[in-house]
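> Model the structure of this input:
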Amino acid sequence: MVNYKDLGLVNTREMFKRAVTGGYAVPAFNFNNLEQLQAIITASSTLKSPVILQVSKGARAYANPILLRYMAQGAVEFAKSLGCNHPEIVLHLDHGDTFELVKDCVDLGFSSVMIDGSSKPYEENIELTRKCVEYAHKYDVTVEAELGVLAGVEDEVASEESHYTKPEEVIDFSQRSGCDSLAISIGTSHGAYKFKPEQCTRDPKTGRLVPPPLAFDVLAEIEKKLPGFPIVLHGSSSVPQQYVDIINKFGGKLPNAVGIPEEQLRKASKSAVCKINIDSDSRLAYTAGVRETLSEHPDYFDPRQYDKVARNYMIDMYEEKIKDVLGSDNKLANCD
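Next up is the predicted model:
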């Protein structure tokens, strides 16, 4: 058994309280490799932002659970070396699908876990979530649950259609499950293709797809039902077109890739939404850097040569999200 506090990590409880009252959202960035982790910690530490390091089931298998533990511990020390003397870093399981996976993550030092029972019948979702909560809370690990279904594909999570969260269910679900935060569905979706072209309009000047607005009316109803309760948005990458353009220019093929407009994420951040998940944007920034560098320098074969460019693109992207979208810069409990 590894206690996350011994690794220098924190859970989400206090940072979510501050985010809800402060009108901003904590960034939850998924990572799969060292370069992503370096970029996340560089950006969040420089800007004195709390940050959630998210690991999906697939990423956990890819990186190795034991290595992840030490990467997270190293991230805390790396943040301090950058002048962030009191970092607030969460290691979070994203879209856990079984109690056994959740338990294993708690036992290996995760400070927060998500159990996603949204594809199950309502009562089964509550039962599974409650079981995970009872175990995780023994070790002061916070638990995120999900109610409603997001469309799209990301790692093992896939759904053809989205189903908005029903506001009339949120009180019963949160009370009976005991979850610490709740991921809801209001029109976001997983992956780089968040909307089909027929769901969008096209900007007559640029020809780019313009996605439909999020269901802020549903969010408002949920806020009324659960005032002050931490709400989470998944599938919230904006799919920055500058990275899509670079990828397509240098041999990629991402037609009609479109994400959530950043102005809508800014609006959500000022509500009870205190955690916003971003994954695809990092993948796009990384891929853009690698493709561009190798196309311009076909003689390169040292991963450091192209990974450095990719890492810098990700740092820029993370900093922009923290400052200009989520508003979490200078929001550490102690910025000294």
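> can we go C-alpha only for contacts and neighbour counts from here?
Will do.
> Provide a list of residues in contact with residue 135.
residue 103 (CA atoms under 8 Å, 6 or more residues apart in numbering).
> For my notes, confirm it occurs in a helix.
Yes - per DSSP: H, G, I helix; E, B strand; the rest coil, residue 135 lies within a helix segment.
> For the protein, just list every one of the helices.
Assigned helices in the chain, in chain order: 13-22, 34-46, 57-63, 65-81, 99-107, 122-136, 170-177, 216-225, 241-249, 262-269, 280-296, 303-320 (criterion: DSSP state H).
> For the shortest one, name the packing helices and strands.
Which is helix 57-63. Secondary-structure packing of helix 57-63 (3 or more CA pairs under 8 Å, 6 or more residues apart in numbering; DSSP states H and E): strand 89-96.
> So what are the sheet partners of the strand it packs on and their directions?
Its sheet considered, strand 89-96 pairs with strand 51-56 (parallel), strand 112-115 (parallel) by DSSP bridges.
> Could you export those as CSV, including mean neighbour count?
Formatted as CSV, the strands paired with strand 89-96 follow (neighbours: other CA atoms under 10 Å):
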stretch, mean neighbour count
strand 51-56, 25
strand 112-115, 28
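> would you turn the ones you listed into a markdown table with mean pLDDT and distance to residue 239?
As requested, the strands paired with strand 89-96 are exported to a markdown table (pLDDT from 0 to 100; distance: least, CA to CA, whole Å):
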| stretch | mean pLDDT | distance to residue 239 |
| --- | --- | --- |
| strand 51-56 | 97 | 18 |
| strand 112-115 | 98 | 24 |
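> show me the contacts for residue 116.
95-97, 125, 129, 145-146.
> Looking at these, which is nearest residue 64?
Residue 64 has its nearest neighbour among these in residue 96, at 15.7 Å by CA to CA.
> ok, back up a step: including distance to residue 42, could the strands paired with strand 89-96 go into a markdown table?
Formatted as a markdown table, the strands paired with strand 89-96 follow (distance: least, CA to CA, whole Å):
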| stretch | distance to residue 42 |
| --- | --- |
| strand 51-56 | 11 |
| strand 112-115 | 21 |
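> how about the ones you listed, which one is nearest residue 334?
Closest among those, once you apply CA to CA, is strand 51-56, at 13.9 Å.
> With mean pLDDT and distance to residue 187 added, can I get the helices of the chain in JSON lines?
Converted to JSON lines, these look like this (pLDDT from 0 to 100; distance: least, CA to CA, whole Å):
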{"stretch": "helix 13-22", "mean pLDDT": "97", "distance to residue 187": "21"}
{"stretch": "helix 34-46", "mean pLDDT": "98", "distance to residue 187": "26"}
{"stretch": "helix 57-63", "mean pLDDT": "94", "distance to residue 187": "24"}
{"stretch": "helix 65-81", "mean pLDDT": "96", "distance to residue 187": "32"}
{"stretch": "helix 99-107", "mean pLDDT": "98", "distance to residue 187": "27"}
{"stretch": "helix 122-136", "mean pLDDT": "97", "distance to residue 187": "20"}
{"stretch": "helix 170-177", "mean pLDDT": "97", "distance to residue 187": "17"}
{"stretch": "helix 216-225", "mean pLDDT": "94", "distance to residue 187": "9"}
{"stretch": "helix 241-249", "mean pLDDT": "96", "distance to residue 187": "20"}
{"stretch": "helix 262-269", "mean pLDDT": "93", "distance to residue 187": "11"}
{"stretch": "helix 280-296", "mean pLDDT": "97", "distance to residue 187": "16"}
{"stretch": "helix 303-320", "mean pLDDT": "98", "distance to residue 187": "23"}
